[in-house]
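Visitor: quick one, what's the 3D model for this:
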Amino acid sequence: MLFRPRFLLMIMALSIAVPAGAEETKALPQSRAEIQLSFAPLVKQTAGTVVNVYAEKVVQRPSLYSDPFFEEFFGQRLPNRTEKQSSLGSGVIIGKDGLVITNNHVISGADDIKIALSDGREFSAKVTFKDERLDLALLKVQGGGSFAALPIGDSDGVEVGDLVLAVGNPFGVGQTVTSGIVSALARNRVGEGDFSFFIQTDASINPGNSGGALINMRGELIGLNTAIVSRDGGSNGIGFAIPANLVKVFIEAARGGQSGFTRPYVGASFEPVTSEVAEALGLKLARGALVTKIVKDGPADKAGLKPGEVVTAVNGRAVEHPDALGYRLTTAGLGSTVTLAVSDNGKEREVSLTLQQAPETRPKDERLIDGRNPFAGALVANLSPRLAQELQMPAEATGVVIEEISRGSPAARLGFEPRDIIIAINGQEITSTEGLQAMLESDPNFWRVEIDRGGQRIRQFIR
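Guide: Below you'll find the predicted structure:
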């Protein structure tokens, strides 16, 4: 029988028993007996901890006769239609009390959530903790007693070439197990979260696998399957999983009673290191996080970081890009002190950085603008480092920012967008929401508005 090279890789020895404390060995199969090894024992051990997640929400659909034209002729507008939308994904039981981890996009906006175990049992579940930017959510099973839970491994110990299993519910066909290897580490610009630091695998991952388990050969969760690269919606052998160490920090925040997930505040802005920048700074490799801006008196400033320097490692672990830096700092945890390896014009040094929560240097003072003015329908707030971090804006951003805009409002029709910073109105600088509201109540004949959008100044004249 002809074996393909990829198949030979997948049937490598699952593990080699060694005495406690001894170094683990990885080897190619050496005999027919080793070639006949099976993943079945590992699947039996872990499959019961992976569940199907069914999320359902009620949405409003405009009635055929809800158009103003019909209202004008028939005297009333018919109510909108309601319909149910369902989404399907996977989850992993990580607590014997029925705590389930999944992707936030699996349950986003859901009114009703159910989980189904591999043995056919179904339970209702409630969202207890979630973070859209991490694309993670915790569910609590309602009733059911004690459950088998999957232990969480150390994703920093994962290496390219390691064998893995992906368990989930692709296309709703039922629980499915696929095998493969770890194809790459520290992948960024993938998925819906803002921490782009993923484990890449060639184990088949398809729609419905989101939130499922990526398992190592010790039966541990090393990643949460999240995204794929595909032109037709099916698996092309390029799948991505959120590393388990980030999942750990997320779970600890939930169990610690936090109202939301808090990221460490650095007080600096970073950019990727290009080959041109690496050559100019005397770096051997185009890797790291280039410091571009420093917030005065922030943690980075106090640690001695300077613009133009490059952070190349955190606690001895390499930093490939700014997303990797954010991941390393986040998984280190708030309150900890980390050691950064910094390159400055070819010279290497180390600095200590204490991780803390972003400060709220001024009251948020949220205000929903109404009345006859260009910003009617906009929710505005005073920027601080904490709010800038929440909105994924530069750490040094200041002023009054638009947080949200009501659909169909004057602000929406005029093209204003969330994260726009209102700089001035009719030549008067805007420094607070209170000042903005007072200015808008003056009701002049025309409005000369100046905003900052992603670092670009935009001026608008409105009558």
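Visitor: tell me the average confidence for the helix or strand where residue 339 lies?
Guide: Taking DSSP states H and E as the criterion, residue 339 maps to strand 337-344. Mean pLDDT, strand 337-344: 93.
Visitor: list the buried residues in that strand.
Guide: 338, 340-343 (16 or more other C-beta atoms under 10 Å). (C-beta placed from N, C-alpha, C; glycine too.)
Visitor: next: stretch 211-223.
Guide: Across stretch 211-223, burial judged by 16+ other C-beta under 10 Å covers 211-217, 219-223.
Visitor: the strands in the stretch 51-200 of the chain, which residues?
Guide: Assigned by DSSP state E, counting those that start in this stretch, the stretch 51-200 of the chain shows strands spanning 81-95, 99-102, 112-116, 122-131, 136-141, 163-168, 176-187, 198-201.
Visitor: how about these, which one is nearest residue 311?
Guide: When these are compared by C-beta to C-beta, strand 176-187 sits nearest residue 311, at 14.3 Å.
Visitor: and that closest one, what other elements does it pack with?
Guide: Counting contacts by 3 or more C-beta pairs under 8 Å, 6 or more residues apart in numbering; DSSP states H and E, strand 176-187 is packed against helix 5-10, strand 163-168, strand 198-201.
Visitor: mean confidence for it?
Guide: 89.
Visitor: just stretch 216-228 next, same as before
Guide: Stretch 216-228 shows a mean pLDDT of 91.
Visitor: how many neighbours does the closest residue to residue 343 other than its chain neighbours have?
Guide: Once flanking residues are discounted, residue 343 sits nearest to residue 310: 4.5 Å by C-beta to C-beta, 6 or more residues apart in numbering. The tally of other residues near residue 310 (other C-beta atoms under 10 Å) stands at 23.
Visitor: tell me the contacts of residue 310?
Guide: Applying C-beta atoms under 8 Å, 6 or more residues apart in numbering to residue 310 gives the contacts 273, 281, 283, 288-291, 342-344.
Visitor: so it versus residue 300, what's the distance?
Guide: 13 Å (C-beta to C-beta, to the nearest Å).
Visitor: do the same with residue 352
Guide: 11 Å.
Visitor: then residue 460?
Guide: Residue 460 is 35 Å from residue 300, by C-beta to C-beta.
Visitor: how about residue 268?
Guide: Distance from residue 268 to residue 300, by C-beta to C-beta: 4 Å.
Visitor: may I ask which helix or strand encompasses residue 44?
Guide: Secondary-structure assignment from DSSP H and E places residue 44 in helix 40-46.
Visitor: what's next to that helix, contact-wise?
Guide: Under C-beta under 8 Å, 6+ apart, the answer for helix 40-46 is 14, 150, 165, 167, 177, 213, 215, 217, 219.
Visitor: for the fourth one, give me the pLDDT.
Guide: So that's residue 167. So residue 167 comes in at 92 (pLDDT).
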